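**Student:** how would this look folded up:
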Amino acid sequence: MYLLNFEIPHEIEYGRIELVTVGENGKSNRIRIIDVKPTSGCKMVKLNGEFIETVGMTSSGKVKIVVTLADSHDYAMEVNVYEHN
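**Tutor:** Next up is the predicted model:
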């Protein structure tokens, strides 16, 4: 399990998060996620394919989400947060 722990500059009502790892060749690959649970800073999260969909992320503190990956390798991760319009 990993704990995503990040801050955002403004409130995001609906969003999407992807986790990627960058290989030695510079190409990024999405990391396969099998479970997610919000702990703070977010009203709801759910897994949708290779993405984490979010509702009600707050900018007033840290957003914390527990993520379970499909495998147990150690990764250097990049967390990309996208806002739905």
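**Student:** For beta bridges, what are the partners of the residue positioned nearest the centre of the chain?
**Tutor:** Centroid-nearest residue in the chain: Ile17, 4.2 Å away (criterion: CA atoms, centre = their mean). Applying DSSP bridges to Ile17 gives these bridge partners: Ile52, Val81.
**Student:** And for Ser40?
**Tutor:** Judged by DSSP bridges, the bridge partners of Ser40 are Lys64.
**Student:** Break down this structure into its strands, ranges please.
**Tutor:** For the chain, the strands defined by DSSP state E occupy 2-6, 12-22, 28-30, 33-40, 44-48, 51-57, 63-69, 77-83.
**Student:** Now do the same contact list for Met77.
**Tutor:** Tyr2, Leu19, Val20, Thr21, Ile31 (CB atoms under 8 Å, 6 or more residues apart in numbering). To be clear about C-beta, it is placed using only N, CA and C from the backbone, and glycine gets the same treatment.
**Student:** Out of these, flag the one nearest to Glu53.
**Tutor:** Nearest to Glu53 out of these is Leu19 (CB to CB; 13.4 Å).
**Student:** so how far is Met44 from the closest one?
**Tutor:** Look at Leu19 and Met44: by CB to CB, to the nearest Å, they are 18 Å apart.
**Student:** circling back: taking the strands of the chain together, which one is wrapped up most tightly?
**Tutor:** Ranked by mean neighbour count, the strands of the chain are led by strand 51-57 with a mean of 19 (mean count of other CB atoms under 10 Å).
**Student:** elements contacting that strand?
**Tutor:** Secondary structure elements in contact with strand 51-57, counted by 3 or more CB pairs under 8 Å, 6 or more residues apart in numbering; DSSP states H and E, are strand 12-22, strand 33-40, strand 44-48, strand 63-69.
**Student:** Swap in 6 Å and give it another go.
**Tutor:** When contacts are defined as 3 or more CB pairs under 6 Å, 6 or more residues apart in numbering; DSSP states H and E, strand 51-57 sits against strand 12-22, strand 44-48.
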